[in-house]
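Chemist: Coordinates only, no sequence provided:
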């Protein structure tokens with residue numbers, strides 16, 4: 001059998017062949033991840049919650065009220081000390 005004049009895999013064709021070889025495995029991996037996420041979230045009402053969590057809301061309220069108190073206190077002391 002004679003060898004081909006141009007080799008099938010060289011520095012120009014390797015990236016293209018590698019991409020087409022790996023593409024089915026990447027697609028299967030993505031499908032498996034989505035499927036597992038759907039299976040794990042079956043008991044929940046919604047996969048993606050649009051409500052903020054109460055912990056982050058409470059933390060944000062605490063930060064805002066403490067900063068507001070600090071600003072109000074500094075304004076109060078600066079107004080009455082002058």
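Modeler: Perfect, thanks for sending it. Since we're looking at a predicted model, the values are computed, not measured.
Chemist: Let me see the ranges of the helices in the chain.
Modeler: Counting by DSSP state H, residue ranges of the helices within the chain are 14-40, 54-81.
Chemist: tell me, which of those helices is the model least confident about?
Modeler: Note on those: lowest mean pLDDT is at helix 54-81, with a mean of 63.
Chemist: How is this protein divided into domains?
Modeler: The chain breaks down into these domains under automatic domain parsing: 10-43, 54-82.
Chemist: What is the burial count for the closest residue to residue 9 other than its chain neighbours?
Modeler: Sequence neighbours aside, residue 17 is the residue nearest to residue 9 in space, at 6.3 Å (criterion: C-beta to C-beta, 6 or more residues apart in numbering). Quick note: C-beta positions are derived from backbone N, CA and C, even for glycine. Using other C-beta atoms under 10 Å, the number of residues around residue 17 comes to 12.
Chemist: Same check on residue 14?
Modeler: By other C-beta under 10 Å, 11 other residues sit near residue 14.
Chemist: OK, contacts around it?
Modeler: Residue 14 makes contact with no residue under the criterion C-beta atoms under 8 Å, 6 or more residues apart in numbering.
Chemist: quick one: it from residue 21, how far?
Modeler: The gap separating residue 14 from residue 21 is 10 Å, by C-beta to C-beta, to the nearest Å.
Chemist: for residue 39, same thing?
Modeler: 29 Å.
Chemist: what do you get for residue 33?
Modeler: Taken as C-beta to C-beta, the span from residue 33 to residue 21 is 20 Å.
Chemist: Also residue 12?
Modeler: 16 Å.
Chemist: Ok, residue 4 next?
Modeler: 20 Å.
Chemist: try residue 31
Modeler: 18 Å.
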